[in-house]
Each structure stands twice: as C-alpha cells, then as structure tokens.
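S.K.: what's the 3D shape of this:
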Amino acid sequence: MKMSVFVGLGLFSDLFYKQPLFSRPIFLTVFIGLLAISSAVAEFLEDGEAASMEGAKSFFLKKEYSLSKPYHGSWDFGGTTLITSEYVRLTSDTASQSGSVWCTTPVTMRNWEAHLHFRVHGSASNLFGDGFAFWYVDPSNRFAGPVFGNQDQFRGLGVFFDTYSNHNGPHSHDHPYISAMVSNGSHSYDHDRDGTHSQLAGCTAKFRNRDHDTLAAISYVDNVLTVSTDIDNKGMWQRCLRVTNVRLPTHFIFGASAMTGDLSDNHDLLSIKIYEVDYPKRSSDIRDLTTDYRNIEPSAEASEPEREHVDQPVPSRWTGFRIFLLILFSLIAIAAVIVGLYFYYTKQEENRKRFY
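M.R.: This is a model prediction of the structure:
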C-alpha cells in the first residue's frame, strides 16, 4: 500500500512540472494535501498489523504446547471445565463457577507467540462477568483462586480479558477490557480496581457476544510483550498493547482460566496455538548465550501509574473502517481534481497556442 501511494505521488509530481507556470500553485497545494492524506492511510494500515508480524521473523507451531481439537495431549483440566467436541468451556452461564486448563509441559522457548481462539457469550445484555485470563506462570501457581479462577500473587505473566467493571464509581475505560500484569509473587491483583494500579498496559476490546470468531495474539519476543486482537472478523491484527523490557524466565507453563461470581457468562476456548518465534539476532545478543533463563525473576520496568477515573465516554460512531473509507474517498476525490485540472489546463494551453 505504501509503495503504491508513493508511486502515485511520483506520477502527479511529473504532471506538476509539465503544467504552465500560472497553474503550478494550484497543483502544488493539491499535491501537498494528497501527500498528507496518503501518509495517514499508510499509518492507518500499519496500525492494523500485529507487532509480532513486524520484521523478518519465522513462526513454528509447537504442538506440544498447543490446545486444539480433539483436545487431547499434554493439558490438564480443572474446576468446572467442560470438554466438548467443538470447544473447551471453562465456565457456563451460571453463577459461582471456576474452571481452568493447564499445559503440563514446561516451556523451553525464549521467544513465543500464543494465538487464542475464544468466545465469551451469555444471555444477559447488561450485567455479566467476570472474564477469563491467559497465563504464563510458575508451574506451582496452577491452583484455583480469586484472579479469574487462578491464584493471586502468581509468578509470571497474566493477560486478563475482563468483562465486568468492579471499580466503584466512574472509571476511565469501557469494558470488556484487556490488560497485562507481570508479578514476581509479591504483587496482588486488585479486583476492586480492575487491576489498574498494577497493569503494564491495556485496551478496551468488545469481544463479548460476537457473531463471529474472536482471536487474540500474545507475543513475547526479545523481552517485548505485545497483545493484539482480531475481534471484528477482518483477518487483521489490531494492536492492544506493547510493553518493552519485560523479563520472563523459561520453564514456566501456559494456561487459561475463567471465573463467574454473582454474574456469569460462557467462557469458551476453541484453541490455543503456541508458536516458537525465530528472529534475526543482534550482535548484542551474543552475551545472552551465558544467561540462565530458568532463573530470571519475572519483572517489568514499570507499570501504569494509578490514575483518576473519569466518566465512560459514549462510543464513537467513527470506527476504524469508516475512517479508512473516508480517507480512501478523499484520496479518490483529490486525484479526480488533479486529473480534471490537468485536462483543463492542457486544453487551455492548446487553445492559447492555436490563438497565436
């Protein structure tokens, strides 16, 4: 897309230099406007790509860590988890349930990406909860608890798909909400504040009660944590969060859990596919050959500061797709104006030559 935009700008530039001097200011003004809009289009499309797909990286499916139909293999199931031929249901749309799935094989990869194919749905239209979590944690942490069905004060990474706001009073983000937290075992997830004081970053994502597949990609590559989603069935990743300087050891395990309280939902997993990520190493990575990654303490450089909560805004009607269409039609309109001006001034020049 970016290449085609700049080729088009080059052609218009050629047209500019072929015009009479008196018409060049008009062409220059339109040319600058076209350049600005084309740059916006390129940026818009780049934002739609998952961070994990940037650069020359290779992805290798690791079946020993993955969960897919018929849901056999190295995974344990606990709590209210129900296994069917089509999905794994962590909780049904019933109050006070808690279910989990855990891979029994410790992860030896340094760089990985997890693709979650999931559905969260229920009969309620206004009040529902609580959500589910994806885990990369110490194997000793796989016990039922209050954090989306898993224990609190875990060691490792938790990515939370929170569907209900527990925060008292106004809050600064709409739900459902996706956030990430890294803990060394000494930090607690505070449900009363939706984890906002300990999260690394987060985003609003309307993944509940969709009529199509909902997907999430969680990438940990070169100490960078990235979470992306495809909840609009566009076949394109949208970045939710990206955090650098995240330190996670190897030999932790993958898992997922969900919980309902007084409010409930169905929390279904259709698959969890784990990929090993291979990417070009920097010269500075040579020193990592002597690092014992099993003994790294889970950490992140900083979490988001606790913030004041404000009223939830009314959702905008200007979705990303509508903005893209607006930019596209603007480009077409400007191109039409340029072509029209070109033929107009060419005709004027021909008439002027015939007159003389």
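S.K.: so residue 216 versus residue 262, what's the distance?
M.R.: 26 Å (C-beta to C-beta, to the nearest Å). The C-beta positions use only the backbone N, C-alpha and C, and glycine is treated the same way.
S.K.: quick one, which of these two is more surrounded?
M.R.: Applying other C-beta atoms under 10 Å to residue 216 and residue 262 shows that residue 216 carries more neighbours, namely 22 against 10.
S.K.: how about stretch 230-241: buried residues?
M.R.: In terms of neighbour count (16 or more other C-beta atoms under 10 Å), stretch 230-241 has its buried residues at 230, 231, 232, 237, 238, 239, 240, 241.
S.K.: wait, stretch 255-264
M.R.: 255, 256, 257, 258, 259, 260, 263, 264.
S.K.: out of the residues you listed, name the ones that lie in helices.
M.R.: Judged by DSSP state H, helices contain none of the buried residues of stretch 255-264.
S.K.: can you put the residues you listed in CSV and add distance to residue 155 and pLDDT?
M.R.: Shown next, in CSV, are the buried residues of stretch 255-264 (distance: C-beta to C-beta, whole Å; pLDDT from 0 to 100):
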residue, distance to residue 155, pLDDT
255, 13, 96
256, 17, 97
257, 15, 96
258, 21, 95
259, 20, 95
260, 26, 94
263, 29, 91
264, 29, 93
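S.K.: from the residues you listed, which two are the most distant?
M.R.: 255 and 263 (23.1 Å; C-beta to C-beta).
S.K.: follow-up on the earlier one: the buried residues of stretch 230-241 in strands, which ones?
M.R.: 230, 238, 239, 240, 241 (DSSP state E).
S.K.: what's the closest of those residues to residue 297?
M.R.: Once C-beta to C-beta is applied, the member of those that ends up nearest residue 297 is residue 241, at 21.8 Å.
S.K.: check contacts around the closest one.
M.R.: Counting by C-beta atoms under 8 Å, 6 or more residues apart in numbering, residue 241 touches 178, 179, 180, 200, 201, 202, 203, 225, 226, 227.
S.K.: quick check: phi and psi at residue 293.
M.R.: Main-chain torsions, residue 293, degrees, to the nearest 10: phi -70, psi -20.
S.K.: for the protein, where's the lowest mean pLDDT among helices and strands?
M.R.: Ranked by mean pLDDT, DSSP states H and E, the weakest helix or strand in the chain is helix 2-17, scoring a mean of 51.
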